[in-house]
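S.K.: missing the sequence, but the structure's below:
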């Protein structure tokens, strides 16, 4: 829906209402919070100083310091209103800087 070039921090992806949100890589949950820009947000710390950010969540299924394996459910997208899509904000930070998620993780 929105590219990295538009946001300079991450991408917005459209998904199905209440679809599971899966972690991109194995890591430790660093933060679970309610953010002004991205609503319910989870940050996962991975190896090599990489972090992934998952925002606009409807439900969260993890807590700070939980260990998550790649592909494990972190939560769910919100239920979409009729005629609308559920959106996920997804970002990748490497060494403290946002990078284009498409350069790190394949999107099918």
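M.R.: Sure, I can see it. In this text the structure is predicted, and so the values were computed from the model without any measurement.
S.K.: Okay, residue 42 and residue 77: tell me how far apart.
M.R.: 13 Å (C-beta to C-beta, to the nearest Å). Any C-beta I mention is one placed from the backbone N, CA and C, and that applies to glycine too.
S.K.: intersection of neighbour lists for these two?
M.R.: Residues touching both residue 42 and residue 77 (C-beta atoms under 8 Å, 6 or more residues apart in numbering) are residue 57.
S.K.: So for those two, which sits in the more crowded spot?
M.R.: Between residue 42 and residue 77, counting by other C-beta atoms under 10 Å, residue 42 is the more crowded of the two (26 against 23).
S.K.: For the host helix or strand of that one, what is the distance to the chain centroid?
M.R.: Assigned by DSSP states H and E, residue 42 belongs to strand 39-45. How far strand 39-45 lies from its chain's middle: 6 Å, per C-alpha atoms, centre = their mean, to the nearest Å.
S.K.: same question, stretch 7-14
M.R.: 10 Å.
S.K.: quick one: least confident helix or strand in the chain?
M.R.: Sorting the helices and strands of the chain by mean pLDDT, DSSP states H and E puts helix 4-7 at the bottom, at a mean of 86.
S.K.: Low-confidence stretches in this protein?
M.R.: Regions of the chain meeting the criterion pLDDT under 70 cover residues 108.
S.K.: Could I get the full set of strands for it?
M.R.: 11-15, 20-22, 27-35, 39-45, 50-57, 59-60, 67-68, 73-76, 86-94, 97-99 (DSSP state E).
S.K.: how many neighbours does the residue lying closest to residue 72 once chain neighbours are set aside have?
M.R.: Nearest in space to residue 72, with sequence neighbours left out and distances taken as C-beta to C-beta, 6 or more residues apart in numbering, is residue 23 at 5.4 Å. For residue 23, the neighbour count with other C-beta under 10 Å is 20.
S.K.: my guess is residue 23 contacts residue 66, does it?
M.R.: No: taking contacts as C-beta atoms under 8 Å, residue 23 lies outside contact range of residue 66: 10.2 Å.
S.K.: Flag every buried residue along stretch 52-70.
M.R.: By 16 or more other C-beta atoms under 10 Å, the buried positions in stretch 52-70 come out as 52, 53, 54, 55, 56, 57, 58, 60, 61, 62, 66, 68.
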